[in-house]
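>>> The following block contains a protein sequence and its predicted model.
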Amino acid sequence: MLDVCDLVKRFHTPGGETVRAVDGVSLTVRPGELVALYGPSGSGKTTLLKIVAAVIAPDRGHVLLDGRAITGLSERDAASYRLHRLGLVLQSAHMMAGLSAIENAAMKLIAAGIARDEARRRMMPVLERLGLDARADHRASSLSMGELQRLSLAKALSNDPPLLLADEPTGSLDTVRGRRVLRLLRERTRERATATVIATHDPQAARFADTVYTLRDGRLDTAGG
Ligand SMILES: Nc1ncnc2c1ncn2[C@@H]1O[C@H](COP(=O)(O)OP(=O)(O)OP(=O)(O)O)[C@@H](O)[C@H]1O
């Protein structure tokens, strides 16, 4: 379903050094599989997710989703891929502060042409699953970090994407809420035979995964699931 082939991404620092953020990574994610990219800060997890999300381009290698190349897409095709095929949760999730939680969560559906009421109706069960239903009509600006993180996940799941990428989805959550989110991700991935990749340094999150890949200095070591 998702094939990542020999990706390399280097960054050049102002001091003239080269950082090999991703250094020859290959992996495959099958339908129904939850994969965790596990590793310390700076090991390349976010960079790898951003390449798979077509947010940044690799220096070498390619990514295929259901046999179609994600790398090398035009800006327009990359935006369409993110809107229709991808759920993406980055650490720097931006919400519209003046809109309510549910309006933010429904934004991708509305952008895809779904009427507001219908979008709201579809989002409510997702908010319930994430324990956010009581906050649905609160402005995003009044939500806590943990609530914003779950809201970002609700938005990412809203278009029922075949591929979900989530960077530290439990980073701002306590153990119980974190477990609830991980259980939801695992169930959804299996039930709908989608592919989910989470980047994490939380050992609990890694335990929920079918397969764990450990990243160190941009390189992969398969630890098995
Ligand atoms: N835009 C950039 N310019 C320069 N260096 C970068 C850039 N983005 C990432 N890096 C470097 O690439 C390496 C990998 O970073 P990355 O954010 O992918 O790691 P990570 O495992 O996701 O870390 P964290 O868990 O802290 O988010 C780090 O050394 C980082 O400083």
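Arrived safely, thanks for sending. Quick caveat, the model's predicted, so the values are computed rather than measured.
>>> Just the buried residues of the least confident helix or strand in the chain by mean pLDDT, please?
Here the helix or strand of the chain ranked lowest by mean pLDDT, DSSP states H and E is strand 219-222, holding a mean of 82. Neighbour-count burial for strand 219-222, counted by 16 or more other Cβ atoms under 10 Å, picks out residue 220. Where you see a C-beta, it was placed from the backbone N, CA and C, and this is true even at glycine.
>>> for it, packing partners?
strand 18-29, strand 211-216 (3 or more Cβ pairs under 8 Å, 6 or more residues apart in numbering; DSSP states H and E).
>>> Deepest-packed of the ones you listed, please.
Mean neighbour count (mean count of other Cβ atoms under 10 Å) peaks for strand 211-216 among these, with a mean of 20.
>>> who touches that one?
Outside strand 211-216, the residues that touch it by Cβ atoms under 8 Å, 6 or more residues apart in numbering are 25, 27, 29, 33-40, 43-45, 48, 206, 220-225.
>>> quick one: the longest helix belonging to the chain to strand 18-29, angle?
The longest helix of the chain (DSSP state H) is helix 175-191. Counting by axes from the mean of the first three to the mean of the last three Cα atoms, to 10 degrees, helix 175-191 lies at 60 degrees to strand 18-29.
>>> Just the CA coordinates for whichever helix or strand comes after helix 175-191, please, in PDB.
Of the helices and strands lying after helix 175-191 in sequence (DSSP states H and E), the nearest is strand 195-200. This file holds the C-alpha atoms of strand 195-200, laid out as PDB (Å, rounded to 0.1, in the frame of the first residue of the first chain):
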ATOM      1  CA  ALA A 195      -2.200   2.400   6.500                       C
ATOM      2  CA  THR A 196      -1.200   4.400   9.600                       C
ATOM      3  CA  VAL A 197       2.300   5.700  10.400                       C
ATOM      4  CA  ILE A 198       3.000   7.400  13.700                       C
ATOM      5  CA  ALA A 199       6.200   9.100  14.700                       C
ATOM      6  CA  THR A 200       6.800   8.800  18.400                       C
END
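>>> Let me know the angle separating strand 195-200 from helix 175-191.
With the same axes, to 10 degrees applied, the angle from strand 195-200 to helix 175-191 works out at 160 degrees.
>>> Do any residues in the next helix-or-strand element following strand 195-200 lie close to the ligand?
Downstream of strand 195-200, the next assigned helix or strand under DSSP H and E is helix 203-207. No - judged by Cβ under 6 Å from any ligand atom, helix 203-207 makes no contact with the ligand; its nearest approach is 12.3 Å.
>>> If we go by neighbour counts, what in helix 203-207 is buried?
Buried residues in helix 203-207 (16+ other Cβ under 10 Å): 205-206.
>>> Contacts for it next, please.
Helix 203-207 is contacted by residues 36, 38, 169-170, 175, 178-179, 182, 198, 200, 212 when judged by Cβ under 8 Å, 6+ apart.
>>> wait, which of the helices and strands packed on strand 219-222 is closest to the ligand?
Of all those, it is strand 18-29 that lies closest to the ligand, at 3.3 Å by Cβ to the nearest ligand atom.
>>> if we can go back for a sec, format the contacts of helix 203-207 as a markdown table; extra columns: distance to the ligand.
A markdown table is the format used below for these (distance: Cβ to the nearest ligand atom, whole Å):
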| residue | distance to the ligand |
| --- | --- |
| 36 | 12 |
| 38 | 10 |
| 169 | 13 |
| 170 | 13 |
| 175 | 19 |
| 178 | 16 |
| 179 | 20 |
| 182 | 17 |
| 198 | 12 |
| 200 | 8 |
| 212 | 14 |
